[in-house]
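Undergrad: no sequence on this one, just coordinates:
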DNA sequence: CCAATATATATCGCGTGCGATATTATTGCA
DNA sequence: TGCAATAATATCGCACGCGATATATATTGG
């Protein structure tokens, strides 16, 4: 027995738990965004914009789909976001000569300089999370597993 | 020693872990939305709209701020969402006679009837999550703790 | 070599999600 | 009582996030 109905599917309570986990994820992320919004206000960056900058600070000169893959986002989302960062002078977008379909994204000096200003962000976030390192690591790894399942579903 | 610097703050690696947890949350939720989008397509509901319907199916005739509190959303987000559901004929919004500031939300017959169509949703989601019950419960409860911290941070 | 196919990015439309602000109703206090 | 403070909801503007679709370039098969 355990968690199976006679036909092998999950029980009714199990289904509720899954829905509860999803809502916990949803509502917790609202809180994450709230904390990042406050922390990023001095930089005038949104959380997704900050994620893009993190990618570029780690490795400059990547194409759009590289960023998409790393951040689990669609080009549909990234193209306008990148254009906004370009308009602010933080990065440049230019067609790649070797393959004119690709657009290479590179940091400007202003984009590189912003990294220094972003230094206190992780500390703000760590303090807001306020939970133990062990818990953070476990949670992170469980979420990675969940994410893999969700993106592979169908 | 352990996880403290001489000044008592978190170490550099700890900060990275917090950021990694936040990104895991962010990207996992993208997957959750993806799964719900597909499951909810026959109902023509978004995930937040579905959450509102769940609230109302559980307890009808609530005011806007009740829903806000339950879903961790601002009225700014809910008002337009509720107006869309009202326009679709799933619910009604009317000022409460006892306190004209409040707006009471009640399900229409169509709104109640939609519940039957929503019955297979939790199963779709449970299958997509594809992890053990124990893990789901643990994750859910850890996230609740995290959420409380995040919403209480400053 | 050239047409069919695949790939990379962009455009459009719509629904969140929230900060700043406005509006109306209620409450509290002098 | 009357007026300031508070509360509940709404409006506006902007940035995601993605499905559907378009466009341009590259690749592949005949």
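TA: Received, thanks. Predicted model only: the values in this text are computed from it and were never measured. Numbering: from 1, shown residues only, chains lettered A, B, ... in the order given.

Undergrad: beyond the longest helix belonging to chain A, next helix or strand please.
TA: What stands out as the longest helix in chain A, according to DSSP state H, is helix A:12-40. Sequence-wise, the next helix or strand downstream of helix A:12-40 (DSSP states H and E) is helix A:47-58.

Undergrad: isn't residue A:136 right up against residue B:15?
TA: No. Using C-beta atoms under 8 Å, residue A:136 makes no contact with residue B:15, being 10.5 Å away. Heads up, the C-betas are built off the backbone N, CA and C, glycines and all.

Undergrad: contacts for stretch A:14-32, please.
TA: A:3, A:10, A:47, B:22, B:25-26, B:28-29, B:32, B:36, B:47, B:51, B:54, B:71-73, B:122-123, B:125-126, B:129, B:133, B:136-137, B:139-140, B:143-144, B:146-147, B:149-151 (C-beta atoms under 8 Å, 6 or more residues apart in numbering or on different chains).

Undergrad: hang on, I meant stretch A:71-80
TA: A:48, A:51-52, A:55, A:64-65, A:67-68, A:147, A:151, B:27, B:30-31.

Undergrad: and DNA strand C, which of those residues contact it?
TA: Among the contacts of stretch A:71-80, proximity to DNA strand C is found for A:64-65, A:68 (C-beta under 7 Å from any atom of the strand).

Undergrad: closest to residue B:106 out of those residues?
TA: For those, the closest approach to residue B:106 (C-beta to C-beta) belongs to residue A:68, at 42.8 Å.

Undergrad: can you pull the buried residues of the helix or strand the closest one falls within?
TA: Element membership for residue A:68 (DSSP H and E) is helix A:64-71. By neighbour count with 16 or more other C-beta atoms under 10 Å in any protein chain shown, helix A:64-71 contains the buried residues A:64, A:67-68, A:70-71.

Undergrad: any figure for the gap between the closest residue to residue A:36 other than its chain neighbours and residue A:31?
TA: Excluding its sequence neighbours, the residue lying closest to residue A:36 (C-beta to C-beta, 6 or more residues apart in numbering or on different chains) is residue A:47, at 4.3 Å. Separation of residue A:47 from residue A:31 (C-beta to C-beta, to the nearest Å): 12 Å.

Undergrad: low pLDDT regions in chain A?
TA: Filtered on pLDDT under 70, chain A yields the residue ranges A:1-12.

Undergrad: how does chain A divide into domains?
TA: Annotated domains of chain A cover A:33-117, A:120-154 [automatic domain parsing].

Undergrad: close to DNA strand D, is the longest one?
TA: Yes. Using C-beta under 7 Å from any atom of the strand, a contact is recorded between domain A:33-117 and DNA strand D, made by A:46, A:48-49, A:72-74, A:76-77, A:80-81, A:84, A:98-101.

Undergrad: quick check: residues of chain A near DNA strand C?
TA: Taking C-beta under 7 Å from any atom of the strand as the contact definition, chain A meets DNA strand C at A:26, A:30, A:33-34, A:37, A:63-65, A:68, A:75-76, A:78-80, A:82-83, A:93, A:99, A:101-103.

Undergrad: emit the PyMOL select command for whichever of those residues are buried.
TA: If you want just the buried ones from these in PyMOL, going by 16+ other C-beta under 10 Å, the selection is:
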select buried, chain A and resi 26+30+33+34+63+64+68+78+82+102+103
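
Undergrad: hmm, stretch A:104-116 touching chain B?
TA: No. Contact of stretch A:104-116 with chain B (C-beta under 8 Å from any C-beta of the partner chain) is absent, the minimum separation being 14.0 Å.

Undergrad: mind listing what's buried along that stretch?
TA: Buried residues in stretch A:104-116, counted by 16+ other C-beta under 10 Å: A:104-105, A:107, A:111-112, A:114.

Undergrad: with stretch A:130-149 instead?
TA: In stretch A:130-149, counting by 16+ other C-beta under 10 Å, buried: A:133, A:136, A:139-140, A:142-143, A:146-147, A:149.

Undergrad: quick revisit: angle of the helix or strand following the helix holding residue A:68 against helix A:64-71?
TA: Sequence order places helix A:75-87 as the next helix or strand after helix A:64-71, per DSSP H and E. Following axes from the mean of the first three to the mean of the last three C-alpha atoms, to 10 degrees, one obtains 110 degrees for the angle between helix A:75-87 and helix A:64-71.
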